[in-house]
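In: Prediction below, plus the sequence it came from.
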Amino acid sequence: MPSGTGKTVSLLSLTIAYQQFYPNKRKIVYCSRTVPEIDKALAELKRLMKYRASHGSSDEGFLGVGLSSRRNLCLNPKLSKERSGKIVDARCRAMTSSWVRDKAKSDHSIETCSYFEISVADVVIFSYHYVLDPKITELVSKDFSKDTIVIFDEAHNIDSTCIEALSIDLNLEKLEASTKSVEQLSLKIEEVKNTDASKLQDEYNSLLEGLKEAGEARLNDLVIENPILPDDLLFEAVPGNIRKAEHFVSFLKRFIEYVKARMRVMHVVAETTTSFLQHLKEVTFIDKKPLQFCAQRLTSLVRTLEITDLEDYWGLQKVVAFATLCATYDEGFLVLFEPFESDTATIPNPILNLACLDAAIAMRPIVERFHTVVITSGTLSPLEMYPKMLKIRAVVMESYTMTLTRSSFLPLIVTRGSDQVSISSKFEVRNDPAVVRNFGNLLIEMCKTVPDGLVAFFPSYLYMESIVAMWNEMGILKSVYKHKLIFVETPDTAETSLALESYRKGCENGRGAVLFSVARGKVSEGVDFDHNYGRAVIMFGIPYQYTESRILKARLEFMREKYQIRENDFLSFDAIRHASQCVGRVLRGKSDYGLMLFADKRYSRQDKKSKLPAWISTNILESYNNLSTDMAVSAAKHFLKNMAQPFDQSKQIGHSLWSEQDILQRKRISHDSTHV
Ligand code: SF4
């Protein structure tokens, strides 16, 4: 079901009712993707708690918290007015780092922040990354107990988030920054040696015992596992050659120099982590073992040197995470050296990618640690794909259809133009003038028919640019302009925000507007086109990924070999989930309505339709499965005329909205049936 139809509130009411009923209140962690989605979840939570209170529920001391960056949330009076996120981060660390809090116990002149200790929230709402990205999990989520209920909402792309969380790219700028950071570390070590050498000696001794604290906490199940620090290393001593701070620093220097040298490539080099390590050993004699400990060794050193300005070490943190991941995983990763930033670039700007190919690596610690993990979305389809990709065992897998008193959306599959020429974004025909013209005519006709806002999605920026240029030459844009203002999404966030704002104005003032966007872009995922802001969405073509991408090819091969997921199955699944996301933008609530147009002949095939979410596919009528432009226009006119009639909200009661009596009656029915 699409957003706005009650998914979030249903999930929250069920879990909170359960949480509040039992005396040992399990924490609920609700993860969503974007800031607007997090805001919406918080608003739903507020409404829900108000409703519970009005119905006599006493949720005393209940606390729900939404987490975002320190700059947005800081309550400390001395910091909250600070505008720079970097400064807030650094000053917060200076007051809340473990060593500062330790010292403050005996020295009351040291300033700390009393808000830091608050950890009593019943519901925490934040971004996926706070749980899935090991670099952030270490800071935010590691102390959640095992019985925490973790909910991933809008999880249709969860595999991509998992992969991104463990993928690292390095360029020369980052490597230069890390060289500088290493020099800074050297200076600090010298400084500490001269002032308090015992600190370094204490650190050396504790490293001799291995990463004991982390190991014990994990054994006692106190903290979540971190994929960058595997279990088998926890009780081993940190290797001798990186135990001393100055040795570790020169070890890092050598490693960074090696990576810099490797980046002077003239052609693309793709290799496994094993072969990367082998070459590294041949050239520098650096072993796998110390590399595995790199990330934790740096954390320990930063703590010993009491560094709070971590922003200065961002490049180095990436380099050590790269080293540790490379040395930890023999499979599931690809090391890729590319001399140019993109295929079209002519000036060399080498990039080193450590691409994670296996979404299960980031997901494993979550499902192993927490007893209850809920993965949900309006476009999680086909359901069976997710347990396979994430390597999880789903205890309950359910797909629900939507209950509506009126058919408030109309999916139409347009396979051909009015001249009967098939339309498709297939590579061989996508630039065929007849196809482009038919796409354009469909847009003109829809702009004439649909009031207010219309959104057109394209498979990629490249395709959008070429088709819009051809439409301009053909005079199609001129005709569109007679009915609607035209706005375009670009890769630039500021430009897109401006385009969106103007688009909304166009929808409000009656002139009408059309927005050209791309699947997988910012608009397709995070922006709602409710009511007059989107009465129709046209998906031009099928948004397949760019299959020549080396990383995608490697991931497809990996999934075929490891999880027996065939390339075509994955590519179609991925394209259809993005198409569903795009068309789903049009319906943002039960009182909303809109048209969904799938403009490509391939959508009429069963293998594509079966991958659409059930709430869309079950509403595609057989008669609307293979339409020409004129047929689609007449269906759209009929639908819009029906929808424009006044809608009585109260009709929903008893059908898509239950009254208290309906719930009681339902309860009685299910009670009776269990006693038959
Ligand atoms: S812990 Fe204190 S200083 Fe840090 S972000 Fe929270 S309120 Fe601000």
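Out: It's in. Residues are numbered from 1 along each chain as shown.
In: got a list of what the residue in the stretch 201-350 of the chain that the ligand sits nearest to touches?
Out: The ligand sits closest to Thr308 of the stretch 201-350 of the chain, with a gap of 11.5 Å, by CB to the nearest ligand atom. Placement of C-beta: from N, CA and C, glycine included. Shown in contact with Thr308 (CB atoms under 8 Å, 6 or more residues apart in numbering): 90, 93-94, 97.
In: and which of those residues is nearest the ligand?
Out: Taking CB to the nearest ligand atom as the measure, the ligand sits nearest to Arg93 out of the contacts of Thr308, at 8.0 Å.
In: Now that closest one. Nearest residue, chain neighbours left out?
Out: Thr308 (4.1 Å; CB to CB, 6 or more residues apart in numbering).
In: got a pLDDT number for Gly290?
Out: To be clear, residue 290 is Pro; Gly isn't right here. Note for Pro290: predicted pLDDT of 91.
In: State the next helix or strand along the chain beyond the helix or strand harbouring it.
Out: For Pro290, the element it lies in under DSSP states H and E is helix 288-304. Counting by DSSP H and E, the next helix or strand C-terminal to helix 288-304 is helix 314-328.
In: who wins for most neighbours among the contacts of Thr308?
Out: Highest neighbour count within these: Ser97, with 19 neighbours (other CB atoms under 10 Å).
In: In helices, which of the contacts of Thr308 appear?
Out: 90, 93-94 (DSSP state H).
In: Give the helix, strand or coil label for Ser57.
Out: In terms of secondary structure, Ser57 is coil; the call rests on DSSP: H, G, I helix; E, B strand; the rest coil.
In: Next one: it from Ala41, what distance?
Out: For Ser57, the distance to Ala41 equals 20 Å [CB to CB, to the nearest Å].
In: Can you pick out the residue with more neighbours from these two?
Out: The neighbour comparison of Ser57 against Ala41 (other CB under 10 Å) goes to Ala41, with 25 against 15.
In: Contacts only, for Ser145.
Out: Contacts of Ser145 (CB under 8 Å, 6+ apart): 26-27.
In: So it lies in a strand, does it not?
Out: No: under three-state DSSP, Ser145 sits outside any strand and is assigned coil.
In: And His675, what's its pLDDT?
Out: His675 is assigned 48 on the pLDDT scale.
In: cool, Pro227 as well?
Out: Confidence score, pLDDT, at Pro227: 61.
In: can you check Leu556 too?
Out: What the model reports as pLDDT for Leu556 is 96.
In: so it is in which element?
Out: helix 550-563.
In: Quick check: beta-bridge partners of Val150?
Out: Val29, Val373 (DSSP bridges).
In: Show the contacting residues for it.
Out: By CB under 8 Å, 6+ apart, the neighbours of Val150 are 29, 31, 131, 366, 370, 372-374.
In: repeat for Ile423
Out: Taking CB under 8 Å, 6+ apart, we find Ile423 in contact with 414-417, 435, 438-439, 442, 599-601.
In: longest single helix anywhere in this structure?
Out: helix 172-208.
In: rewinding a little: which residues are contacting the helix holding Leu556?
Out: For helix 550-563, contacts defined as CB under 8 Å, 6+ apart pick out 163, 268, 270, 331-332, 334, 336, 353, 355, 357-358, 388-389, 391, 545-547, 565-567, 570-571.
In: Flag every buried residue along that helix.
Out: Across helix 550-563, burial judged by 16 or more other CB atoms under 10 Å covers 551-552, 554-556, 558-559, 563.
In: tally of neighbours for Glu548?
Out: Glu548 has 8 neighbouring residues, counting by other CB under 10 Å.
In: Next up, identify which helix or strand it is on.
Out: Counting by DSSP H and E, no helix or strand carries Glu548.
In: same question for stretch 92-111, mean pLDDT?
Out: For stretch 92-111, mean pLDDT is 83.
In: Same question for stretch 418-432.
Out: Stretch 418-432 carries an average pLDDT of 93.
In: Just the buried positions in that stretch, please.
Out: Of the residues in stretch 418-432, those buried (16+ other CB under 10 Å) are 422-426, 430.
In: can you give me the end-to-end distance of that stretch?
Out: End-to-end span of stretch 418-432 (CA to CA, to the nearest Å): 16 Å.
In: isn't Ala632 right next to Leu597, touching?
Out: Yes: the criterion here is CB atoms under 8 Å, and Ala632 meets it with Leu597 at 6.6 Å.
In: any common contacting residues for those two?
Out: Joint contacts of Ala632 and Leu597 (CB under 8 Å, 6+ apart) are 412, 414, 442, 446.
In: returning to what we had before: same list (the contacts of Thr308) but as TSV, adding distance to Pro36.
Out: Formatted as TSV, the contacts of Thr308 follow (distance: CB to CB, whole Å):
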residue	distance to Pro36
Ala90	28
Arg93	28
Ala94	32
Ser97	32
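In: nearest to Val586, of the buried residues of helix 550-563?
Out: Distance to Val586 across the buried residues of helix 550-563 (CB to CB) is lowest for Leu552, with 28.8 Å.
In: thinking again about what came up before, among the contacts of helix 550-563, which ones are buried?
Out: 163, 270, 332, 334, 336, 353, 355, 357-358, 388-389, 545, 565, 570-571.
In: Mind checking which of these land in strands?
Out: Within those, residues falling in strands by DSSP state E are 270, 334, 336, 353, 355.
In: now, which of these sits nearest Leu404?
Out: Here the nearest of those to Leu404, counting by CB to CB, is Ala355; it sits at 42.3 Å.
In: Now do the same contact list for that closest one.
Out: Ala355 touches 163, 167, 333-334, 336, 551, 554-555, counting by CB under 8 Å, 6+ apart.
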